[in-house]
Structures are given as structure tokens and as C-alpha cells.
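Undergrad: Got a predicted model here, sequence first, then my questions.
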Amino acid sequence: MRDYRIGRLKGRFVVMWNEANGRRRRYRLTAHTAKEAEREARDLILRISAPPAGMTVAQIWDAYQAEMGERRQARKLAQTGKNVLPELGHLSVEQITTADCRAYTKQRREAGRKDATIRTELGCLRSALLRAHKAKLIHQAPTIELPPTPPPR
């Protein structure tokens, strides 16, 4: 994510950053508090930097991981991304179907992974896609089918 600053202009919050060509970009926000401005600024920057043709799963995954920063969830995404992205990362969001999720589950089971692990991996994918939908990067998040919850130990 690019470097940006939150400021005030005429009593309203704005987000500003410098482009690579040296020009400054500034957008007015609808937020009323600093925390709301921070959240809205990040969403705006992600929406502006999104490619016009639609985002791939890998691009959404990377944006979500960058948004998580130094949290534990970012490390979890980095680890699970090693398994999910080679299989589903090249697809655009609109192309993901329930059949793709079932094929991924079947492939991971054949590789010896348990349902809990597969559920974690697909759950991370679902979280990234839902976050992209909330940030208005995509029109609709597809349905991600998870394997059944394993019984408790």
C-alpha cells in the first residue's frame, strides 16, 4: 500500500499522497473521526489502485495481507497462501465456483491434509474476498464452500 497522510481541509478529513510523477493527490473523506478517516482512506486507496478489468485472487490476497500488517493473521495468510494461491490465485473473483472449492478440497485430502487444515485455508480465502467486497474492490464475494467442521478432540 502506498504512503499516505490523513489531514484536514475546510473542517473535513482528507487523504493525501504523492504519485510517482511527483503530483499530489488529495481526496475528501466522509469520516467524522480520525479512526473512521483512517479506515476510509485505506479503502479508498485500495479501490483506486485496483485494476479496472477485475482483480485476481492473488491480488486480493496480497492486499488483505498488507492490510493485516504485523498481526498474527498476516503470518497465517503468508503460510496458507503457499497452498491456496498456486491453485486459485490466477482466477478472477467471478470465476471461482463451488466446484473449484470442492476440487481444491479433494486435492488437499489426497495430499494427506485433514479437513481442519483445508477449512483454515479456504476460510482465509473467504475472509480476503469478504474484506475486498466490504472495501468495494469487487462487486460480490463468491461463495466459498468449506469442508465440514471436524468433531472436537
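TA: Received it, and whenever you're ready, just let me know what you need. On a predicted model such as this, the values are computed, not experimentally measured, just so you know. Numbers count the residues shown, from 1 in each chain.
Undergrad: Kindly check the end-to-end length of stretch 105-124 for me.
TA: Using Cα to Cα, to the nearest Å, the gap from the first to the last residue of stretch 105-124 comes to 14 Å.
Undergrad: So which elements touch the biggest helix by length in the chain?
TA: Of all the segments of type helix in the chain, defined by DSSP state H, the longest one is helix 115-134. Identification of packing neighbours for helix 115-134 by 3 or more Cβ pairs under 8 Å, 6 or more residues apart in numbering; DSSP states H and E yields helix 57-68, helix 72-88, helix 98-110. In short, each C-beta sits where N, CA and C put it, glycine included.
Undergrad: list the contacts for Arg126?
TA: Applying Cβ atoms under 8 Å, 6 or more residues apart in numbering, we find Arg126 in contact with Ala141, Ile144, Leu146.
Undergrad: what about this structure, any weak spots by pLDDT?
TA: Per-residue confidence for the chain (pLDDT under 70) gives these ranges: 1-2, 50-53.
Undergrad: the longest strand in it is where?
TA: strand 12-18 (DSSP state E).
Undergrad: Give the pairing partners of the helix or strand just after it; include direction for each.
TA: Toward the C-terminus, strand 12-18 is succeeded by strand 24-28 as the next helix or strand (DSSP states H and E). Using DSSP bridges, strand 24-28 pairs in its sheet with strand 12-18 (antiparallel).
Undergrad: CA atoms of stretch 74-83 as PDB?
TA: What follows is the C-alpha trace of stretch 74-83 in PDB, where atoms were taken according to Å, rounded to 0.1, in the frame of the first residue of the first chain:
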ATOM      1  CA  ALA A  74      -0.800 -11.800   8.200                       C
ATOM      2  CA  ARG A  75       1.600 -14.600   9.100                       C
ATOM      3  CA  LYS A  76      -1.200 -17.100   8.800                       C
ATOM      4  CA  LEU A  77      -2.100 -15.700   5.400                       C
ATOM      5  CA  ALA A  78       1.500 -15.900   4.200                       C
ATOM      6  CA  GLN A  79       1.600 -19.600   5.200                       C
ATOM      7  CA  THR A  80      -1.800 -20.600   3.800                       C
ATOM      8  CA  GLY A  81      -1.200 -18.600   0.700                       C
ATOM      9  CA  LYS A  82       1.600 -21.100  -0.300                       C
ATOM     10  CA  ASN A  83      -1.100 -23.700  -0.700                       C
END
